[in-house]
Each structure stands twice: as structure tokens, then as C-alpha cells.
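A.B. asks: Quick one: sequence plus predicted model below, questions after.
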Amino acid sequence: VMADWGKCLDFGVSIARQARTVVLDAFEAQKVVSLKTSPADLVTETDQGVENLLISAIKEKYPTHKFIGEESVAAGASPVLTDSPTWIIDPIDGTTNFVHRFPFVAISIAFAVNKQTEFGIVYSCMEDKLYRAQRGKGAFCNDIPLRTSGLEDITKALVVTEIGTERDDLSLSTLTSNIYRLLKIPIHGIRAVGTAAVDMCLVASAGADAYYHVGMHCWDIAASALIVSEAGGVVHDISGGKFDLMSRRVIAASSRTVARGIAQVVEAFPCERDDGLPDLLPLDPKVIGLNLTSRCSTLVQGTYPKLLW
Ligand SMILES: O=P(O)(O)O[C@H]1[C@H](O)[C@@H](O)[C@H](O)[C@@H](O)[C@@H]1O
Ligand SMILES: [Mg+2]
Ligand SMILES: [Mg+2]
């Protein structure tokens, strides 16, 4: 029988609401900003404070549960997802927006058991939009049911993506040529809100038709990936194959057709998986009928083979 994690979800919503008041109070205040992996990868005391607030509240109620938190990982914790009940937390998604007071900042909380996401919560703090989904039970924004646009025709798509924090030539040339190739399809347009979690919730709520990105982390999208699929959307790897939460690549879309259209023109740049495993080629045996057993031990330099089906 499927365990009902509904009470756990309710607890998650209650601590997300508490955390939002901390974010709102800090939003106008002076901030101490530190750098992480690049001059564009920022972190503040509020990121760390909110993560500590969430983790200590959860530990008190569920002492055996595990955590993958963005700022805990930045401080050295290992982001390996086991079968144990695990909370995957991004305390502030959109830290650069937060620092600049660009009003799109989200708290993202996902909960996984046996490596399967059971619920996801994304609180877009300045908009006061609390998105949530429980596996098999639909997706909601402030208790209103969500459905994606269902769009099939990519030439009518509004696509969201992110600029990310990479500033090296390979990442930036891949990223900008992806935008160029998408616009040449043509599509209606491209937007970047500055938080992956909100980008994906826009797909779930039909405000956009697809989101794609290479370089974000599991904590950015674990919650919103479930919200998109519970809203009737699809979530795939950037190649069009099977989505892998730890691979740092994703396409979330209104339909498989739109996802396929994006997979055909965008390319990935190599980036280290969240779980530190050697990068698996995004080959979904079902999709290409291959019997793949060995892992791809080295990154395929440049771009991944196109997986068109
Ligand atoms: O603001 P954080 O939690 O660091 O997440 C952002 C990430 O750092 C950026 O690289 C992405 O472009 C954003 O979409 C993430 O939201
Ligand atoms: Mg984030
Ligand atoms: Mg963050």
C-alpha cells in the first residue's frame, strides 16, 4: 500500500510559511554577500539561516530523515540521495534576485523516499504563491488546481530558461547558441525569471510552455519537477531521454512534442553531476532500443550525441 505522506507535506507547508516571513524581513535589509563557485554565484546569511531553520524544524519532528540542502552541500555535506526519506532543500532559489531585490525569490522543498519524490513545495515569496504537489494527487497554487498549457506546437511556445552562474566560454557559447537555435525555430519568445523553481512552476501553471536548463542543481528543481508532472506536464533529460534528478540537466514541458522539439536543438555542456558519479550519457534504452550496461566513464567533451526519436 502506498504510504500517505500527506501529514509530512502539511508540516512542510507550515515551515515554508515560517521561512517566508524570514525572507520577506530580509528582502529590504542590507545584505552580506559571499561568492561560491563563480563571481555570479552568490550566497547570503539569509540562505544559510533559512536552511538551518528548515532543517532543525524537520529534524525535531522527523529525527531519522535525511537532507540534501544547497548550503549544507556548499559547506561539505554529501548530496547523495539514498532510499531513506530525504528532504531536498533550496532555502532561497534566486539568491541573485534576492540580493538585487528583483522580486522573484522562492523556497523549494522536496521530499523523496526510495529516490522517488513524494511531494514538492515551491513558495514564490514576493508573489505569495505557494505551489505544491503530492505524487498522484495533483498540483496546486494557493489551493487552486494547476494544469499545463498542453501546447503541442513549438512555434507557439513561450520558453523559460536560465542564464546560470557559469561564466566560462564553453558554457556561455553553448547557452547562447541554444537560445539562438530555439528562436530560429521560431518560437514566441524566451524568458528567464532568475529562479529555476519559479520558471518550472510557470510551466505547471501554463504561464510558460517549457523550461530547459543545463547546470542547475537537484535542489533547484526537485520540488517543481513533481509540480510540473502532477500538472500534466512532462519532465525529460535535455537529450529527450529519461529525466535524472542528479544530472543537472532538464526539459520540463507542456507536452512530449514540445519537449522533443527543444531536445532537437539544444545541447548540453559537460558539468559534474550532483551525486559526483561519472556522467551517464542520457541514453534511455527504451527510447533508442540499446542495451546499455556500462556507465560512460568520461564526459563527452562538447556536446552529447543528439537523441532524436
Ligand atoms: O539562487 P540559487 O539557489 O543559487 O539557484 C539559482 C542558480 O544558482 C542559478 O545558476 C540558476 O540560473 C537559477 O535558475 C537558480 O535558481
Ligand atoms: Mg537554487
Ligand atoms: Mg539557493
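C.D. replies: Okay, I see it. Ligands and ions are numbered 1, 2, ... in the order given.
A.B. asks: Tell me the pLDDT of the residue in the stretch 101-250 of the chain that ligand 2 sits nearest to.
C.D. replies: Distances between the stretch 101-250 of the chain and ligand 2 by CB to the ion are smallest at Asp220, namely 4.0 Å. No exception for glycine: its C-beta is placed from N, CA and C like everyone else's. If you check Asp220, the pLDDT there is 98.
A.B. asks: So it sits against Asp93, correct?
C.D. replies: Yes - the pair Asp220 / Asp93 is scored as a contact, 5.8 Å apart, by CB atoms under 8 Å.
A.B. asks: Mind listing the shared neighbours of those two?
C.D. replies: Ser108, Thr195, Ala196, Ala197 (CB atoms under 8 Å, 6 or more residues apart in numbering).
A.B. asks: Gly6: what's it in contact with?
C.D. replies: Contact analysis of Gly6 by CB under 8 Å, 6+ apart lists Gln134.
A.B. asks: Can you spell out which residues form a bridge with the nearest residue to Cys201 once chain neighbours are set aside?
C.D. replies: Leaving aside its chain neighbours, Cys201 sits nearest to Tyr131 (4.6 Å; criterion: CB to CB, 6 or more residues apart in numbering). Beta-bridge pairing of Tyr131 under DSSP bridges involves Val122, Cys141.
A.B. asks: Tyr131: how many residues sit nearby?
C.D. replies: Tyr131 has 28 neighbouring residues, counting by other CB atoms under 10 Å.
A.B. asks: Let's see the host helix or strand of Val23 as PDB, backbone CA atoms only.
C.D. replies: Assigned by DSSP states H and E, Val23 belongs to helix 6-27. Extracted C-alpha coordinates of helix 6-27, given in PDB (Å, rounded to 0.1, in the frame of the first residue of the first chain):
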ATOM      1  CA  GLY A   6       0.200  14.000   3.500                       C
ATOM      2  CA  LYS A   7       0.900  14.900   7.100                       C
ATOM      3  CA  CYS A   8       4.600  15.300   6.200                       C
ATOM      4  CA  LEU A   9       3.500  17.600   3.300                       C
ATOM      5  CA  ASP A  10       1.300  19.700   5.700                       C
ATOM      6  CA  PHE A  11       4.300  20.100   8.000                       C
ATOM      7  CA  GLY A  12       6.500  21.100   5.000                       C
ATOM      8  CA  VAL A  13       3.900  23.800   4.100                       C
ATOM      9  CA  SER A  14       3.800  25.100   7.600                       C
ATOM     10  CA  ILE A  15       7.600  25.500   7.900                       C
ATOM     11  CA  ALA A  16       7.700  27.000   4.300                       C
ATOM     12  CA  ARG A  17       5.300  29.700   5.600                       C
ATOM     13  CA  GLN A  18       7.500  30.400   8.600                       C
ATOM     14  CA  ALA A  19      10.600  30.600   6.300                       C
ATOM     15  CA  ARG A  20       8.900  33.000   4.000                       C
ATOM     16  CA  THR A  21       8.500  35.600   6.800                       C
ATOM     17  CA  VAL A  22      12.300  35.400   7.300                       C
ATOM     18  CA  VAL A  23      12.800  36.000   3.600                       C
ATOM     19  CA  LEU A  24      10.400  38.900   3.500                       C
ATOM     20  CA  ASP A  25      12.000  40.600   6.500                       C
ATOM     21  CA  ALA A  26      15.500  40.200   5.000                       C
ATOM     22  CA  PHE A  27      14.500  41.300   1.400                       C
END
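A.B. asks: who in this structure is up against ligand 2?
C.D. replies: Asp90, Asp93, Asp220 (CB under 5 Å from the ion).
A.B. asks: So which of these are in strands?
C.D. replies: Counting by DSSP state E, the part of those found in strands is Asp90, Asp93.
A.B. asks: Tell me the spacing between Arg101 and Ala253.
C.D. replies: 31 Å (CB to CB, to the nearest Å).
A.B. asks: Neighbour count: these two, which is higher?
C.D. replies: Neighbours per residue, other CB under 10 Å: of Arg101 and Ala253, the larger number sits with Ala253, 31 against 11.
A.B. asks: Which residues are in contact with the more buried one?
C.D. replies: Contacts of Ala253 (CB under 8 Å, 6+ apart): Thr148, Val203, Asp209, Ala210, Tyr211, Gly233, Val234, His236, Ala259, Ile262.
A.B. asks: Any residue of the helix holding Val23 touching ligand 1?
C.D. replies: No - on the criterion CB under 6 Å from any ligand atom, helix 6-27 is out of touch with ligand 1, staying 12.1 Å away.
A.B. asks: State the pLDDT value of the residue nearest to Cys201.
C.D. replies: pLDDT, Tyr131: 99.
A.B. asks: quick one: Trp87 is in a helix?
C.D. replies: No - if the criterion is DSSP: H, G, I helix; E, B strand; the rest coil, then Trp87 is strand and not within a helix.
A.B. asks: Now do the domain split for the chain, please.
C.D. replies: 6-145, 154-300 (automatic domain parsing).
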